[in-house]
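Visitor: Quick one, structure for this:
(2 chains)
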There are 2 protein chains.
Amino acid sequence: MDKKSLMVTIAVLGGTGKEGKGLAYRWARAGYRVLIGSRSSERAVTASSEIMELLEGSTSIVGMSNREAVEQANIVVVTVPYSAHRETLQNVKDVLKGKLLIDVTVPLVPPKVTKVQMPAAGSAAQEAREIAGEGVEVVAAFQNISHEHLLSEDDIDCDVLVTGTSKDARAEALTLVEAAGLTGWDAGPIENSVVVEGLASVLIHINKQYGSTHAGIKITGAHHKE
Amino acid sequence: MDKKSLMVTIAVLGGTGKEGKGLAYRWARAGYRVLIGSRSSERAVTASSEIMELLEGSTSIVGMSNREAVEQANIVVVTVPYSAHRETLQNVKDVLKGKLLIDVTVPLVPPKVTKVQMPAAGSAAQEAREIAGEGVEVVAAFQNISHEHLLSEDDIDCDVLVTGTSKDARAEALTLVEAAGLTGWDAGPIENSVVVEGLASVLIHINKQYGSTHAGIKITGAHHKE
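Guide: Below you'll find the predicted structure:
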């Protein structure tokens, strides 16, 4: 547990879903204070208990409403299905100011989930930025990591591309990528989120074509600086 | 040299550029008949001679105008800078019918080449499809392979994502990916080209941030069927 993690509280909105639970588990394990948010506080409390069982009581995770979680957090992570994306953000936008918003949402449009179909804003993350308004840094990350991997101790053979509204915001998100035991890359401005989110459809297509279940990507030919 | 390659003639438009030369070299080496097209027939002939020197006379590559090359080819590969993309396609569109068009173009908008900025059609490949019209299958591929690697014998640590207007078109392009000594993946419909082309900006950004020169991607967690 480093000094940094002691000062940071992460709210995971949609934290009762599989991806949210997986991320919450990884960050709690790394020493962060993690709040599970949900539309239903009851379900958030249940999810918190489930994750704490996995952690064997080494730290505490608290469940509450999305709004309460945002109020108490420095970093807000959105892991809701795209259909709940806009409403979730609108319900908390007045308490988001000054916080870092990490958007994990993949804007899939069923039934054609193998086809990239972005919202008018360009990507879910850009849509989040429009809803959140001034004073909120927005980052897109973690779209392509399978929740099964997050809840296991397995090494994860998939890198995390991080796009965002500023280099500082991307750097802060990259700290959380590393804390989750993953390799991340600064993938540029928020406009590049279409690539990161769109990769989800490409990887689903590859899974269907090649009979795989967890296709991912790794960056080659580059290395993290010392 | 397999049977298939003997029946296929590939026209590489913009074949005097580095990427085009590299692909032409790889396909000629694999036994395909390759035509180098250029706005200037003279420059096309010069480029052909340069590639034939590398091949040490084992096969023949012919240089000619873009239009003549398209007329004689089954597969047309476009490797021009984005600024010449529309004009190149408009000049040959009446002789494209029934052929497979492989678009290698990355629609970068200088000076912000690290930011994804797609044309109104959604991607360069979708723009090519609009220009080419009915009766032409269009595929996007090879955007992220460095030309230095193509002209060397090095193993290339970057996969090729192939999007396109039909599964058959993607399969035909994947045969050429393999013939070039690369690993390719069927990455879905032509609408997914935004991911493949946009990755170029992401990889340029990664090169700048991490001091690398040839960042690439590999697909993990999936395997080609036997």
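Visitor: separation between the residue lying closest to A:K18 once chain neighbours are set aside and chain B?
Guide: Excluding the flanking residues, the one nearest A:K18 by C-beta to C-beta, 6 or more residues apart in numbering or on different chains is A:H147, at 3.8 Å. For every residue, glycine as well, the C-beta is placed using N, CA and C. A:H147 sits 14 Å away from chain B, going by C-beta to the nearest C-beta, to the nearest Å.
Visitor: Could you do A:A11 as well?
Guide: 28 Å.
Visitor: Surely that residue touches A:V77?
Guide: Yes. Between A:A11 and A:V77 there is a contact under C-beta atoms under 8 Å: 6.8 Å.
Visitor: Show me the contact partners of stretch A:76-93.
Guide: Contacts with stretch A:76-93, where a contact means C-beta atoms under 8 Å, 6 or more residues apart in numbering or on different chains, come from A:10-15, A:17, A:19-20, A:23, A:39, A:66-67, A:69-70, A:96, A:99-109, A:124, A:127-128, A:131-133, A:142.
Visitor: Okay, now that stretch: how far is its last residue from its first?
Guide: 11 Å (C-alpha to C-alpha, to the nearest Å).
Visitor: quick one: buried residues of it?
Guide: For stretch A:76-93, the neighbour count (16 or more other C-beta atoms under 10 Å in any protein chain shown) marks A:76-80, A:82, A:84-86, A:88-89, A:91-93 as buried.
Visitor: Now, the residues you listed that are in helices?
Guide: Secondary structure defined by DSSP state H assigns A:H85, A:R86, A:T88, A:L89, A:N91, A:V92 of those to helices.
Visitor: So which of these is the closest to chain B?
Guide: Ranked by distance to chain B (C-beta to the nearest C-beta), those are led by A:H85 at 19.7 Å.
Visitor: Mind listing what's buried along the lengthiest helix in chain A?
Guide: Assignment by DSSP H gives helix A:193-210 as the longest helix of chain A. Within helix A:193-210, the residues that count as buried by 16+ other C-beta under 10 Å are A:193-207, A:209-210.
Visitor: residues contacting A:V116?
Guide: A:V116 touches A:V194, A:G198, A:S201, A:V202, B:G188, B:E191, B:N192, B:V194, B:V195, counting by C-beta under 8 Å, 6+ apart.
Visitor: number of nearby residues for A:L23?
Guide: A total of 27 residues lie near A:L23 under the criterion other C-beta atoms under 10 Å in any protein chain shown.
Visitor: my guess is it meets A:V104, correct?
Guide: Yes. Using C-beta under 8 Å, A:L23 makes contact with A:V104 at a distance of 7.4 Å.
Visitor: neighbours around the residue nearest to A:K18, how many?
Guide: 16.
Visitor: Also A:T163?
Guide: Neighbour count for A:T163, taken as other C-beta under 10 Å: 32.
Visitor: Show me which parts of the helix or strand hosting it are buried, residue by residue.
Guide: Under the criterion of DSSP states H and E, A:T163 resides in strand A:160-164. For strand A:160-164, burial by neighbour count (16+ other C-beta under 10 Å) applies to A:V160, A:L161, A:V162, A:T163, A:G164.
Visitor: Tell me what the first one is bridged to.
Guide: Beta-bridge pairing for A:V160 (DSSP bridges): A:G184.
Visitor: so who does the residue nearest the centre of chain A touch?
Guide: Nearest to the geometric centre of chain A sits A:V104, at 3.7 Å (C-alpha atoms, centre = their mean). A:V104 sits next to A:E19, A:G20, A:L23, A:V77, A:V78, A:T79, A:A140, A:A141, A:F142, A:Q143 when contact means C-beta under 8 Å, 6+ apart.
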